[in-house]
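J.: Sequence and predicted structure, then a few things I'm wondering about:
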Amino acid sequence: MAQETPLDKVRNIGIMAHIDAWKTTVSERILFYTGKKHKIWETHDWAADMDWMEQEKERWITITSAATTCFWHNHQINLIDTPGHVDFTVEVERSLRVLDWAVAVFDWSQWVEPQSETVWRQADKYGVPRMAFINKMDKMWADFFMSVESIKKKLTDKWVVVEIPYGASSDFKWVVNLLSMKMYTFEWDMGSDVIEHEIPDELKEIAEEYRDKMIDAASVFDDELAEAYLEGWEISNDLIIRAIRAWTIKNELYPIYCGTALRNAWVQLLLDWVCAFLPSPLDRDLIKWTDPDHPEKEVTRKPTDADPVSAIAFKIATDPFVGTLTFVRVYSGVIKSWDTLLNSVTWQKERVWRLLLMHANKRQEIDEVHAGHICAFLGLKDTRTWNTLCDLKNPIVLEKMEFAEPVINISIEPKTKSDQEKLWLALAKLMYEDPTFRAYSDEESGQTIIAWMGELHLDIMIDRLKREHKVEVNTWKPQVAYRETIMADKVEWEGLFKRQTWWRGQYWHVLLRLEKIQDKNYEFVSEIKGWVIPNEFIPAIDKWAKETMAQWILAWYPIINLRVVPFFWSYHDVDSSEVAFKIATYRAFKDAFTKPEAQACILEPIMDVEVTTPEEYMWDVMWDLSSRRWMIQWQEQRGNATVIKCKVPLAEMFGYATDLRSNTQWRASYSMELWGYERVPENISKQIIDERSGKIKAMDAE
């Protein structure tokens, strides 16, 4: 039970990696060796515990983060296995935000892959300590030291090797521990017996070399260790462990290990390192909360049962048997079944019906959950991803997480009219679970639009509609989520609405400036001074400017990267109505936006693409990419493969997976993620505007 383990013996960990690094295989071995399960099932056998969704089993990939709890040498390990595919990066991000440390798994043969870089940056963002595991050492041409150099080159130079392999490829059977200076083999049933050996003579020199490097790296941060090292004194393992642990927690060192999870070599040693090196909730810096009534005021909570309750809902999932599960990290206090908490984001009270320890999709009911632990709440009604749950009398709130916006959308409709209501209920549940999935009704066309992060993301969502919610839909060709903006630094315009009727007039006059900004979609700054207009109208200007941005101008796409600055208004005490006010705002905004000096344009999402291909297909791959308006960045050789890094407009990447397989006989692979937005070429922009205008005119005619 979560509450029976002392907090200094708790480890909240995540497993993160690029797709196909065998991350879930690592998780499955952890569960086996800790006694959580008594048989090892593989992802390729459609039976891994942590990949429990039908879509995960069929595709041999992780789609949703799965949580479990296990025990090792009196330590409780709360483990989250995260997805490796870029379409599901949000699952990694929201998990890392509540974890105390992470294991980054690398496929030695692929060096550091793009998604590995992405999740590493996410861990940097939230200050999550981590260790690296170089997996698949039994694979052909395995090279541990090449992988270490790749980590140094692409991720960090703060690495410290604490294990080295003896043998590689089919000869890999041993791991050398640089602390104990012993060699270990993994024998008997599923490698369950760890056998200690002396280091063979031919390996002693390189083992001594890397032990010296390990001590040298750790001594930079520990005066006692540095003195012992420089003076040539005998150095105890406890001293080395203390130094590495202290600076791993501070993100100044990242220990590197090696093994092959599939061949059951390494995981027991990993678990020992987890207990020895990595932080408990007591070791992490205190999270800074804020007072919801005074956002400028910071509040701290200690990870103890004595402090008032503070917790974060970081994931929502729908269980077909028990309903909505809310995964929660408790930072302070004790929460019991039937407690009432405050959602300090919505200001709604929430009753916790039941508390559940999760093992993937299996559940164990508990009576209470203490500070520092992770569990699932059953019964919450109005809590969303990243809402704060806290004590009723001591409200606090944690800064809201910002999730990536979807980049692709399509229109869908149910195959039968009777499924229309079921469709919207299903879409609402999917949006509730996944903050990067959107569904809305297009006011112009009346169509139901869904937006998502990538082709695999769409495939999964459509499949879930069919299997889980029993709704079959028709879909149309995917559409790129273009944006609109101006290229000029700023542009001004006047909006005037004046009309005289037989009983009263309509009048409002506004001067508005639009300014181009970066890193924000919208900002409002009023420069109206004094009593030019009543103060209560200022928030309304902000509201109507936002509405105008949502109405679209060039081609009916959302407008981004604009600051709206009203700097002069005039009105009439009798004739200035709210309707006139709104029309004047819209006219000023639209006319300023479409003014030639504004250089209004359409933006398209640009993807960072990395293709790994056998050398003999390199020119075919490059020729195909060049036809897709690519911008090559670099290419390099990795073993017997060529890696091509480039930027490609998303509009050109539909169907690329099929074309790449065809061009390389299924031997190449690729990954992509959103890089940013760039201006669409003029000829393509005109096509987009003409096409969208034609559709609107056709609908108006109907």
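T.: Nice, thanks for sending it over. Residues are numbered from 1 along each chain as shown.
J.: beta partners for His359?
T.: Beta-bridge pairing for His359 (DSSP bridges): Lys362.
J.: any idea how far it is from Lys529?
T.: In this view, His359 and Lys529 are 62 Å apart by CB to CB, to the nearest Å. All C-beta spots, glycine's among them, are computed from the backbone N, C-alpha and C.
J.: repeat for Asn521
T.: Asn521 is 27 Å from Lys529, by CB to CB.
J.: Between those two, which has more neighbouring residues?
T.: Neighbour comparison, Asn521 and Lys529: the larger count goes to Asn521, with 15 against 8 (by other CB atoms under 10 Å).
J.: list the contacts for the nearest residue to the more buried one once chain neighbours are set aside?
T.: Excluding the flanking residues, the one nearest Asn521 by CB to CB, 6 or more residues apart in numbering is Ile560, at 4.4 Å. Neighbouring residues of Ile560 by CB atoms under 8 Å, 6 or more residues apart in numbering: Arg483, Glu484, Thr485, Asn521, Tyr522, Leu603, Tyr677.
J.: want to throw the residues you listed into TSV with secondary structure, distance to Pro129 and pLDDT?
T.: Formatted as TSV, the contacts of Ile560 follow (DSSP: H, G, I helix; E, B strand; the rest coil; distance: CB to CB, whole Å; pLDDT from 0 to 100):
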residue	secondary structure	distance to Pro129	pLDDT
Arg483	strand	37	90
Glu484	strand	42	91
Thr485	strand	39	92
Asn521	coil	33	84
Tyr522	strand	36	87
Leu603	strand	38	93
Tyr677	strand	34	91
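J.: From those, pick the one nearest Gln364.
T.: Asn521 (43.1 Å; CB to CB).
J.: pLDDT below threshold where in the stretch 301-450 of the chain?
T.: 443-446 (pLDDT under 70).
J.: Okay, strands next: where are they in it?
T.: 310-319, 323-332, 334-336, 340-343, 348-351, 354-359, 362-366, 368-370, 374-378, 387-390, 408-414, 438-441, 448-452 (DSSP state E, counting those that start in this stretch).
J.: Reformat those strands as CSV; add mean neighbour count and distance to Ile241.
T.: Formatted as CSV, the strands of the stretch 301-450 of the chain follow (neighbours: other CB atoms under 10 Å; distance: least, CB to CB, whole Å):
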stretch, mean neighbour count, distance to Ile241
strand 310-319, 22, 31
strand 323-332, 23, 27
strand 334-336, 17, 32
strand 340-343, 19, 39
strand 348-351, 15, 42
strand 354-359, 20, 30
strand 362-366, 14, 33
strand 368-370, 22, 27
strand 374-378, 24, 26
strand 387-390, 25, 36
strand 408-414, 19, 48
strand 438-441, 15, 48
strand 448-452, 21, 45
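J.: need these in JSON lines with distance to Phe277, can you?
T.: Shown next, in JSON lines, are these (distance: least, CB to CB, whole Å):
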{"stretch": "strand 310-319", "distance to Phe277": "25"}
{"stretch": "strand 323-332", "distance to Phe277": "21"}
{"stretch": "strand 334-336", "distance to Phe277": "28"}
{"stretch": "strand 340-343", "distance to Phe277": "34"}
{"stretch": "strand 348-351", "distance to Phe277": "37"}
{"stretch": "strand 354-359", "distance to Phe277": "25"}
{"stretch": "strand 362-366", "distance to Phe277": "28"}
{"stretch": "strand 368-370", "distance to Phe277": "24"}
{"stretch": "strand 374-378", "distance to Phe277": "20"}
{"stretch": "strand 387-390", "distance to Phe277": "31"}
{"stretch": "strand 408-414", "distance to Phe277": "41"}
{"stretch": "strand 438-441", "distance to Phe277": "41"}
{"stretch": "strand 448-452", "distance to Phe277": "39"}
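J.: closest one to Phe589 among the ones you listed?
T.: Once those are compared by CB to CB, strand 438-441 is nearest, at 22.3 Å.
J.: Give me the contacts around the closest one.
T.: Contacts for strand 438-441 (CB under 8 Å, 6+ apart): 406, 409, 424, 427-428, 430-431, 447-452.
J.: Among the residues you listed, pick out the one closest to Gly259, please.
T.: Closest to Gly259, out of all of the contacts of strand 438-441 and judged by CB to CB, is Trp452, at 35.9 Å.
J.: surely the closest one meets Thr436?
T.: Yes: using CB atoms under 8 Å, Trp452 is in contact with Thr436, at 7.2 Å.
J.: Quick check: neighbours shared by those two?
T.: With CB under 8 Å, 6+ apart as the test, Trp452 and Thr436 both reach Pro406.
J.: how near is Thr346 to Leu389?
T.: From Thr346 to Leu389 the distance is 11 Å (CB to CB).
J.: Next: Val334.
T.: From Val334 to Leu389 the distance is 13 Å (CB to CB).
J.: Give the intersection of the neighbour lists for the two.
T.: Val309.
J.: avg pLDDT for stretch 216-228?
T.: Taken as a whole, stretch 216-228 carries a mean pLDDT of 88.
J.: Name the surrounding residues that touch it.
T.: With CB under 8 Å, 6+ apart, stretch 216-228 has contacts from 159-160, 215, 229-230, 233-235, 239-240, 242-244, 246-247, 252-253.
J.: how does it look with 6 Å?
T.: The contact list for stretch 216-228, computed with CB atoms under 6 Å, 6 or more residues apart in numbering, reads Val160, Tyr229, Ile235, Leu239, Ala243, Ile244, Trp247.
J.: can you pull the contacts of the fifth one?
T.: This points to Ala243. Ala218, Asp222, Leu225.
J.: mind checking which helix or strand the closest residue in space to the first one that isn't next to it in sequence is in?
T.: Of all residues beyond its chain neighbours, the one nearest Ala218 is Ala243 (4.1 Å), with distances taken as CB to CB, 6+ apart. Ala243 is part of helix 237-249, with elements assigned from DSSP states H and E.
J.: Please pull up the helix or strand immediately following that helix.
T.: Assigned by DSSP H and E, the successor of helix 237-249 is strand 254-258.
J.: State the mean pLDDT of that following strand.
T.: 91.
J.: Name the member of the contacts of stretch 216-228 that has the highest neighbour count.
T.: Busiest of the contacts of stretch 216-228 [other CB under 10 Å] is Ile244, holding 27 neighbours.
J.: Give me the distance between the closest residue to that one other than its chain neighbours and Arg242.
T.: Using CB to CB, 6+ apart and skipping residues adjacent in sequence, the residue nearest Ile244 is Ala218, 5.0 Å away. To Arg242, Ala218 is 9 Å away according to CB to CB.
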